[in-house]
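Engineer: Please find the sequence and the predicted model below.
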Amino acid sequence: MRSLAISIIINESIKTTLAKAKEIRSFLEPLVTLAKSNNVANQRKAYSKLRDKTAVAKLFNEIGPRFKERPGGYLRVIKRGHRSGDKSPIAQVEFLKAEAEVSESQKIEEVIS
């Protein structure tokens with residue numbers, strides 16, 4: 001869980017099996033909730049779970065402030081078909097975009113249409 005959570009924090013989007021994608025939400029979303037209030041105690045709690053300084057720094061400097069006003073549901077799980085080798089279901093796990101980014105992309109799509 002730890003390495004999967006670190007990969008999601010650093011890359012902000014990864015592909016994994018559907019079972020792991022569903023399970024990582026219960027591990028990573030409480031960490032994002034901690035990151036919404038940046039103080040030393042919360043950073044130490046997050047570090048005790050992740051054990052990676054760069055991931056904790058990105059969590060508290062970029063991801064936490066992005067979801068300051070959002071009450072929960074920070075991750076999106078999108079089904080992406082089946083793996084070619086063993087046909088296990090694959091899903092993409094990513095952080096939601098900020099409200100301003102979504103509205104700007106919708107405006108661009110409206111102008112293009």
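Structural biologist: Thanks, I have it.
Engineer: any idea how far the nearest residue to I90 once chain neighbours are set aside lies from L96?
Structural biologist: Computed as Cβ to Cβ, 6 or more residues apart in numbering, the closest residue to I90 that is not its neighbour in sequence is R80, at 4.7 Å. Any C-beta I mention is one placed from the backbone N, CA and C, and that applies to glycine too. Look at R80 and L96: by Cβ to Cβ, to the nearest Å, they are 17 Å apart.
Engineer: and if you look at D52?
Structural biologist: 22 Å.
Engineer: More neighbours: which of the two?
Structural biologist: D52 (18 against 14; other Cβ atoms under 10 Å).
Engineer: Let me see the contact set for that one.
Structural biologist: I6 (Cβ atoms under 8 Å, 6 or more residues apart in numbering).
Engineer: which phi and psi does it have?
Structural biologist: In terms of degrees, to the nearest 10, the main-chain angles of D52 are phi -150, psi 120.
Engineer: low-scoring pLDDT stretches of the protein, where are they?
Structural biologist: Along the chain, the model assigns pLDDT under 70 to residues 98-113.
Engineer: Nearest residue to the middle of it?
Structural biologist: Against the mean C-alpha coordinate of the chain, by Cα atoms, centre = their mean, the closest residue is F95 at 3.6 Å.
Engineer: For the residue lying closest to E29 once chain neighbours are set aside, list the residues it contacts.
Structural biologist: Closest residue to E29 apart from its sequence neighbours, by Cβ to Cβ, 6+ apart: Y74 at 5.6 Å. Neighbour list for Y74: 28-29, 32, 63, 67, 95-96 [criterion: Cβ under 8 Å, 6+ apart].
Engineer: Inside helices: which ones of the residues you listed?
Structural biologist: 28-29, 32 (DSSP state H).
Engineer: So which residues of this protein form helices?
Structural biologist: 2-11, 18-35, 40-50, 53-58, 64-66, 99-112.
Engineer: could I get the second one in PDB with only the CA atoms?
Structural biologist: C-alpha atoms of helix 18-35 as PDB (Å, rounded to 0.1, in the frame of the first residue of the first chain):
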ATOM      1  CA  LEU A  18      -9.000  -2.800  -9.900                       C
ATOM      2  CA  ALA A  19      -8.800  -4.400  -6.500                       C
ATOM      3  CA  LYS A  20      -5.700  -2.400  -5.500                       C
ATOM      4  CA  ALA A  21      -7.300   0.800  -6.900                       C
ATOM      5  CA  LYS A  22     -10.400   0.300  -4.700                       C
ATOM      6  CA  GLU A  23      -8.300  -0.500  -1.600                       C
ATOM      7  CA  ILE A  24      -5.800   2.400  -2.000                       C
ATOM      8  CA  ARG A  25      -8.700   4.900  -1.500                       C
ATOM      9  CA  SER A  26      -9.100   3.900   2.200                       C
ATOM     10  CA  PHE A  27      -5.300   4.400   2.700                       C
ATOM     11  CA  LEU A  28      -4.700   7.600   0.700                       C
ATOM     12  CA  GLU A  29      -7.800   9.800   1.300                       C
ATOM     13  CA  PRO A  30      -7.200  10.200   5.000                       C
ATOM     14  CA  LEU A  31      -3.700  11.300   4.200                       C
ATOM     15  CA  VAL A  32      -5.000  14.000   1.900                       C
ATOM     16  CA  THR A  33      -7.400  15.100   4.700                       C
ATOM     17  CA  LEU A  34      -4.400  15.500   7.000                       C
ATOM     18  CA  ALA A  35      -2.600  17.500   4.300                       C
END
